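S.K.: sequence unknown, structure follows:
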């Protein structure tokens, strides 16, 4: 999406763009998302598979957190979700929890 927006310009305001961040190793995706010229950026931390630690929420409008479901699901620790929720509250970023 970054390459597309750089080639064709700003994403229309009605289009929200997000990226998945299931583990701390994928946090660099947030920096790439921040470079996309769009009105609303969100993080999908689902299935949350480990603690993310500190997250730079600058330019992020919403964070969605959820666990994995179905056969052979990998368990999520409640503290991982609470840590993200607390950062969202502090930075005034919308937080949604599902499952």
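M.R.: Great, that's in hand. Given the structure is predicted, the values throughout are model-derived calculations rather than measurements. Residues are numbered from 1 along each chain as shown.

S.K.: is it true that residue 88 lies in a helix?
M.R.: Yes - looking at residue 88 with DSSP: H, G, I helix; E, B strand; the rest coil, it is inside a helix.

S.K.: ok, now how distant is it from residue 97?
M.R.: From residue 88 over to residue 97 the distance is 10 Å, taken as Cβ to Cβ, to the nearest Å. Just so you know, the C-beta spots here come from the backbone N, C-alpha and C atoms, and that holds for glycine as well.

S.K.: okay, those two: which has more neighbours?
M.R.: Neighbour tally, residue 88 and residue 97, criterion other Cβ atoms under 10 Å: the higher count belongs to residue 88, 20 against 17.

S.K.: so what's the residue nearest to the spatial centre of the chain bridging to?
M.R.: Against the mean C-alpha coordinate of the chain, by Cα atoms, centre = their mean, the closest residue is residue 43 at 1.5 Å. Taking DSSP bridges as the rule, residue 43 bridges to residue 19, residue 63.

S.K.: look up how far residue 36 lies from it.
M.R.: Per Cβ to Cβ, residue 43 is found 13 Å from residue 36.

S.K.: list the contacts of residue 37.
M.R.: 5, 9-11 (Cβ atoms under 8 Å, 6 or more residues apart in numbering).

S.K.: in a helix, it, correct?
M.R.: No - looking at residue 37 with three-state DSSP, it is coil, so not inside a helix.

S.K.: so it versus residue 58, what's the distance?
M.R.: 15 Å.

S.K.: repeat for residue 84
M.R.: Distance, residue 84 to residue 58, using Cβ to Cβ: 15 Å.

S.K.: between the two, which has more neighbouring residues?
M.R.: Counted by other Cβ under 10 Å, residue 84 and residue 58 do not tie: residue 84 has more neighbours, with 25 against 11.

S.K.: my guess is the more buried one contacts residue 65, does it?
M.R.: Yes - assessed by Cβ atoms under 8 Å, residue 84 is found in contact with residue 65 at 5.5 Å.

S.K.: give me the common contacts of the two.
M.R.: Listed as contacting both residue 84 and residue 65 by Cβ under 8 Å, 6+ apart are 45, 48, 95.

S.K.: what sits against the second one?
M.R.: Okay, so that is residue 48. 22, 65-67, 76, 80-81, 84.
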